[in-house]
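Asker: pasting the structure only:
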């Protein structure tokens, strides 16, 4: 029989709130603030995703082996894992960390291509809300933008 992981000193709802607020700060920086200050861009690109990744690591390693029948080999096993609140929160934090990291990458790549911030904003918003959809939009836009640049030269 598997035993429960260590008791968490901070309530899960509090961790959920902190993680969401941290991610929101990162997205607001990416979408609304100027990027001419490298130190400011460091926050949503690396600092917040790192903090979220550490929270994820703590949650996943403390609880992933405490759920009998849970695992990553089938949808049914993943469903069992996410039935435990600590692992559901870990999954959510995983989304927050990766989506924000990808948003930072999109912002930097779009800046390098000279894509206006007004065009970047909806793509970053799509990445914030729907992760892979925003990434796919950026990849399509980037491919079209590069073709346009090649034709111009």
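Answerer: Ah, there it is. Everything numeric in this text was worked out from a predicted model, so none of it was measured. Numbering: from 1, shown residues only.
Asker: Please name the nearest non-neighbouring residue to residue 86.
Answerer: residue 63 (4.4 Å; Cβ to Cβ, 6 or more residues apart in numbering). For the C-beta atoms, the positions are set from N, CA and C on the backbone; glycine is no exception.
Asker: Where does that neighbour sit, in terms of helix or strand?
Answerer: helix 48-63 (DSSP states H and E).
Asker: Touching, residue 78 and residue 69? I think so.
Answerer: No. Applying Cβ atoms under 8 Å, one finds residue 78 not in contact with residue 69, separated by 10.9 Å.
Asker: ok, back up a step: let me know how buried the residue nearest to residue 86 is, in neighbour terms.
Answerer: Residues contacting residue 63 under the criterion other Cβ atoms under 10 Å number 21.
Asker: Distance check, it against residue 11.
Answerer: 15 Å (Cβ to Cβ, to the nearest Å).
Asker: One more: residue 128?
Answerer: Using Cβ to Cβ, residue 128 is found at 25 Å from residue 11.
Asker: Among these two, which residue is more densely surrounded?
Answerer: Taking other Cβ under 10 Å, residue 128 and residue 11 do not tie; residue 128 has more neighbours (21 against 9).
Asker: quick one, phi/psi of the more buried one?
Answerer: With angles defined as degrees, to the nearest 10, residue 128 sits at phi -60, psi -50.
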